[in-house]
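Participant: Fold the following.
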Amino acid sequence: MPYEGAEQPETLAELNARLRDASPQEILAAAIEHLGDSVALVSSFGSESAVLLHMAAQIKPDLPILFLDTGMLFGQTLDYRKTLAARLGLTDVRDLRPQYQDLATQDPSANLWRTDTDACCHIRKVLPLDRALEGFDGWITGRKRFQGGARLRLQVVEQGERQLKFNPLANWTKDQIEAYAADHGLPPHPLVEFGYPSIGCWPCTQPVEEGQDERSGRWAGSQKTECGIHMPRGEPAVEVGGDI
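Facilitator: Sure thing, here's the model as predicted:
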């Protein structure tokens, strides 16, 4: 069946067939052409985020950028979000924050992360993003197949629970990501040089020793490797992942 929220007649299978070998820029442009003003890019402004954000700025600088400000991010991430958005000329970066009522009833002492990381991510990331996406028919992510786990089977376009999801960097390797950043002089996240190759909230992110998996510093000591925004609702967040 054709995707009901889109004006174009292409089905999900047809979109994937057309964009399977396309460049990230072509996929971004296709997402915007397919959904118009009803698509947003979700970014963590993490260690690899600058690449996709730079591509988006070249195509549509007023593309809505949804940034999850959980209230527990590193100060360096908040600074990076401001400086990178200004440098790239992104004019519609929207800060998504958890609702006061959710925090007051479920995490009044701001220590839920100590006892239930899934619940903490749910009220600080999943719920705010779900609310923000209600006005969109699709969203763009920064996920890549080289991040492993379930992402090894990542399609360029996929059907989410309520919206289409475009993954422009699905085909790219880490070397391609790094080469693009270097070619365009994109500034790295300031914590990368201190051993943080994957960056989330400060209570649940640790530096990684040389030779360790890049994701080993996220929720260290647990089976959790994903915040939950890409998981079917109700499932434990154990999918391997990286940048949003």
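Participant: what are the ranges of the strands in this protein?
Facilitator: For the chain, applying DSSP state E gives strands covering 39-43, 65-68, 93-96, 138-140, 157-159, 164-166.
Participant: And the fourth one, what does it pack against?
Facilitator: So the one you mean is strand 138-140. helix 24-35, strand 39-43, strand 164-166 (3 or more C-beta pairs under 8 Å, 6 or more residues apart in numbering; DSSP states H and E). C-beta coordinates here come from the backbone N, C-alpha and C atoms, glycine included.
Participant: taking the mean pLDDT, what do you get for the longest helix seen in the chain?
Facilitator: In the chain, assigned by DSSP state H, the helix with the most residues is helix 75-88. Model confidence over helix 75-88, given as mean pLDDT, is 97.
Participant: Phi and psi next, for the closest residue to Arg143 other than its chain neighbours.
Facilitator: In space, Arg143 comes closest to Asn167 once its chain neighbours are excluded; the distance is 5.2 Å by C-beta to C-beta, 6 or more residues apart in numbering. Torsion angles at Asn167 (phi, psi; degrees, to the nearest 10) stand at phi -120, psi 80.
Participant: And the helices in this structure, which stretches?
Facilitator: With DSSP H as the criterion, the chain has helices spanning 12-19, 24-35, 49-59, 75-88, 100-106, 112-115, 117-121, 127-133, 174-183.
Participant: Please produce CSV containing those helices, extended by distance to Ile199.
Facilitator: Compiled in CSV, the helices of the chain are given as follows (distance: least, C-beta to C-beta, whole Å):
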stretch, distance to Ile199
helix 12-19, 29
helix 24-35, 21
helix 49-59, 9
helix 75-88, 6
helix 100-106, 22
helix 112-115, 15
helix 117-121, 15
helix 127-133, 18
helix 174-183, 15
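Participant: Of all those helices, which one is nearest Ile140?
Facilitator: Checking those against Ile140 by C-beta to C-beta gives helix 24-35 as the closest, at 5.7 Å.
Participant: That closest one vs helix 49-59, what angle?
Facilitator: 60 degrees (axes from the mean of the first three to the mean of the last three C-alpha atoms, to 10 degrees).
Participant: Ala132: what's it in contact with?
Facilitator: Counting by C-beta atoms under 8 Å, 6 or more residues apart in numbering, Ala132 touches 40, 66, 94, 96.
Participant: Filter these down to just the buried residues.
Facilitator: Among the contacts of Ala132, those classed as buried by neighbour count (16 or more other C-beta atoms under 10 Å) are 40, 66, 96.
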